[in-house]
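Enquirer: Following is a predicted model, sequence given first.
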Amino acid sequence: MAKHITDDQMKEQRGYIMRLREDNARYAAEYGHTRRALTETYGCQQNENDTERIRGMLRDAGFEFTDDMKNADVVIYNTCAVRENAEQKVFGRLGLLKPVKERRRNMVIGVCGCMVQQEHITEKIKKSHEHVDLIFGTHALYKMPELLYKAINEKKTVVDIAESDGAIAEDMPIMRDDAKKAWVSVMYGCNNFCTYCIVPYVRGRERSREPKAVIAEVKELVKNGCSEISLLGQNVNSYGKDLKTDIDFADLMRMVNDIEGVERIRFMTSHPKDLSDKLINTIAECDKVCKQLHLPFQAGSDRILKQMNRRYTKAEYLAKIEKVKKAVPNISLSTDVIVGFPTETNEDFEETLDVLRKVEFDNIFSFIYSRREGTPAAKLDFVLTDEEIHKNFNRLLEVQNEISLKKNKEYVGRIERILVDGVSKTNPEMLSGRCDSSKIVNFKGTDDLIGKYINVRITEAHTWSLNGEPVKEN
Ligand code: SAH
Ligand code: SF4
Ligand code: F3S
């Protein structure tokens with residue numbers, strides 16, 4: 001069983017939340033307004049979920065929230081290290097904050113998450129961004145109240161990027177973004193060490209939450225009106241390997257499926273090497289599990305897959321996909337793809353395109369390889385030039401866009417049940433929601449539909465979304 005942060009440690013942090021509360025009340029009495037906090041998140045759903053914890057702690061400590069850095073008293077950036085551009089954005093933001101802080105000396109600037117779990121980044125921040133007051137890594141998240149209290153009161157830079165032995169913190173406060181849909185982390189960390197990837201270094205080893213803790217969280221969510229649950233982990237197929245019980249991810253998903261009030265279950269991410277028949281059958285059999293699978297293949301060439309340490313071949317991947325398609329007809333498939341792994345040649349890249357054409361994913365998340373210091377692939381020399389890599393990347397998009405559009409066209413005429421999220425991001429005159437397969441559906445409707453499940457008839461298909469019209473219930 002994974003180590004847990006003890007009750008006493010959590011109690012200590014609750015004590016700091018209370019101290020911050022008192023501090024904030026004094027501040028409000030003196031300055032005539034409550035201290036305001038701003039949070040920003042980079043990276044994956046895991047990080048989004050962590051920010052919800054950060055906001056929960058801030059709320060309990062008596063902070064209000066703002067989106068405007070100019071009137072924020074506390075700014076916290078929860079960062080991602082997976083690619084260089086995510087890191088550059090944060091450095092850009094810190095640059096913008098410098099003059100703001102010069103005018104407002106009491107402002108507290110914090111950087112946390114995956115990026116600062118790397119020592120060379122923390123050193124760089126300390127050296128070139130002296131206006132940062134607080135730095136804490138992924139393992140110190142639960143300790144934020146104490147670290148923030150010290151940063152506010154001791155007027156010195158507070159740093160905690162210690163590698164922990166992977167202790168799990170339960171019962172941290174949380175302020176969720178969405179009332180209807182929630183992320184629930186089932187495990188943390190990753191043991192796979194794909195040679196390009198920084199995640200295992202910044203998130204530590206795999207550790208699973210106790211099933212009863214996951215179930216309790218889902219039940220609490222349902223009690224508060226939430227009905228769509230996304231189970232999160234870097235490789236959910238490894239769930240339970242470190243538990244005393246023999247419950248695996250498929251069992252856990254069945255347990256969530258049995259909870260009354262849960263309407264939809266999604267999950268990510270599955271590593272192809274560990275995708276079991278049992279999990280495939282569970283997706284097929286559980287009525288609430290959305291018929292959708294994100295199964296990153298990363299690259300099509302066996303030579304590259306080997307150098308990436310992915311531990312499957314192209315043929316094995318395609319065979320798994322066939323199995324999935326057979327067991328769950330009409331399943332919606334998505335994947336992650338990396339273009340330009342250092343040793344990738346144009347021939348290797350053709351194999352990636354071949355996988356796209358054979359599988360016909362509904363959509364893909366594609367990335368240009370980004371060199372990550374400390375990973376094995378960082379030592380490899382590039383075969384292709386930047387220009388060639390970009391050319392391949394654009395070709396990849398071209399091939400996939402055609403497939404995405406074709407897959408979306410298959411939906412025209414169908415009736416789909418969607419959960420209405422809110423105003424459409426692409427057309428403010430429309431609402432949007434997601435269907436079972438997670439495709440975005442835009443439609444004309446009234447605001448009272450937000451947060452509800454409704455049936456829509458799909459009328460039009462685009463590459464990235466569908467249009468529809470609500471179907472009158474009778
Ligand atoms: N655990 C998940 C997701 C990890 S990060 C998984 O294994 O699928 C999300 C995606 O970022 C990865 O799937 C990969 O496609 C991409 N990625 C990771 N490291 C990268 C790097 N150094 N350069 C470019 N893309 C990368
Ligand atoms: Fe990174 Fe690979 Fe782990 Fe995914 S499985 S987080 S790509 S090391
Ligand atoms: Fe980024 Fe950390 Fe997630 S590196 S992708 S935020 S686990």
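Expert: Received, thanks. Ligands and ions are numbered 1, 2, ... in the order given.
Enquirer: which residues of the stretch 1-150 of the chain score low on pLDDT?
Expert: By pLDDT under 70, the low-scoring segments of the stretch 1-150 of the chain are 1.
Enquirer: ok, which residues in it are in contact with ligand 1?
Expert: Within reach of ligand 1 by C-beta under 6 Å from any ligand atom, the stretch 1-150 of the chain has these residues: 82-83. Glycine gets a C-beta too; all of them are placed from N, C-alpha and C.
Enquirer: Would you mind giving the secondary structure of the closest residue to ligand 3 within the stretch 1-150 of the chain?
Expert: For the stretch 1-150 of the chain and ligand 3, the shortest gap (C-beta to the nearest ligand atom) falls at G43, measuring 2.6 Å. Classification of G43 by DSSP: H, G, I helix; E, B strand; the rest coil places it in coil.
Enquirer: Disregarding residues adjacent in the polypeptide, which is nearest to it?
Expert: Nearest residue to G43, sequence neighbours excluded (C-beta to C-beta, 6 or more residues apart in numbering): C80, at 2.7 Å.
Enquirer: Pull up the residues of this structure that are close to ligand 3.
Expert: Looking at ligand 3, the residues of the chain close enough under C-beta under 6 Å from any ligand atom are 43-44, 46-47, 80-82, 114, 198-199, 202-203.
Enquirer: Narrow those residues to those in helices?
Expert: Among the residues of the chain next to ligand 3, the ones falling in helices (DSSP state H) are 46-47, 199, 202-203.
Enquirer: any idea which of the residues you listed is closest to G166?
Expert: R203 (9.2 Å; C-beta to C-beta).
Enquirer: picking up where we left off before, just give the number of residues close to the residue nearest to G43.
Expert: 22 (other C-beta atoms under 10 Å).
Enquirer: in the stretch 151-300 of the chain, which spans are helices?
Expert: Secondary structure of the stretch 151-300 of the chain (DSSP state H, counting those that start in this stretch): helices at 199-203, 211-223, 249-257, 277-285.
Enquirer: and D421, which of the ones you listed is closest to it?
Expert: For these, proximity to D421 was assessed by C-beta to C-beta; helix 211-223 is nearest, at 16.9 Å.
Enquirer: Can I get the closest one in PDB? Just the C-alpha atoms.
Expert: The C-alpha trace of helix 211-223 is given here as PDB (Å, rounded to 0.1, in the frame of the first residue of the first chain):
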ATOM      1  CA  PRO A 211     -10.500   2.000  -3.800                       C
ATOM      2  CA  LYS A 212     -12.600   3.100  -0.800                       C
ATOM      3  CA  ALA A 213     -11.200   6.600  -1.000                       C
ATOM      4  CA  VAL A 214     -12.000   6.800  -4.700                       C
ATOM      5  CA  ILE A 215     -15.500   5.500  -4.200                       C
ATOM      6  CA  ALA A 216     -16.100   7.900  -1.300                       C
ATOM      7  CA  GLU A 217     -15.000  10.800  -3.400                       C
ATOM      8  CA  VAL A 218     -17.400   9.800  -6.300                       C
ATOM      9  CA  LYS A 219     -20.300   9.300  -3.800                       C
ATOM     10  CA  GLU A 220     -19.700  12.700  -2.400                       C
ATOM     11  CA  LEU A 221     -19.600  14.200  -5.900                       C
ATOM     12  CA  VAL A 222     -22.900  12.600  -6.800                       C
ATOM     13  CA  LYS A 223     -24.500  13.800  -3.600                       C
END
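Enquirer: quick check: angle from it to helix 249-257?
Expert: Orientation of helix 211-223 against helix 249-257 (axes from the mean of the first three to the mean of the last three C-alpha atoms, to 10 degrees) gives an angle of 30 degrees.
Enquirer: And helix 211-223, how far out from the chain middle?
Expert: Its chain's C-alpha centre and that of helix 211-223 lie 20 Å apart, by C-alpha atoms, centre = their mean, to the nearest Å.
Enquirer: which parts of that helix are buried?
Expert: Of the residues in helix 211-223, 211, 213-215, 217-218, 221-222 count as buried by neighbour count, 16 or more other C-beta atoms under 10 Å.
Enquirer: what does stretch 220-239 give?
Expert: By neighbour count on 16+ other C-beta under 10 Å, the buried set for stretch 220-239 is 221-222, 226-239.
Enquirer: Which members of these are positioned in strands?
Expert: Within the buried residues of stretch 220-239, membership in strands is found for 228-232, as judged by DSSP state E.
Enquirer: Now for Y196: which residues touch it?
Expert: The neighbourhood of Y196, defined by C-beta atoms under 8 Å, 6 or more residues apart in numbering, consists of 308, 338, 341, 369, 372, 375, 377.
Enquirer: What sits closest to the fourth one if chain neighbours are left out?
Expert: With C-beta to C-beta, 6+ apart as the measure, G340 is the residue that lies nearest to Y369, at 4.3 Å, once sequence neighbours are left out.
Enquirer: Around the one you found, how many other residues sit close by?
Expert: Residues near G340, counting by other C-beta under 10 Å: 21.
Enquirer: For it, give me its contacts.
Expert: By C-beta under 8 Å, 6+ apart, the contact list for G340 reads 368-369, 382, 384, 389, 392-393.
Enquirer: For it, give me phi and psi.
Expert: Main-chain dihedrals, G340, degrees, to the nearest 10: phi 90, psi 30.
Enquirer: do the same with V132
Expert: According to degrees, to the nearest 10, the main-chain angles of V132 amount to phi -80, psi 130.
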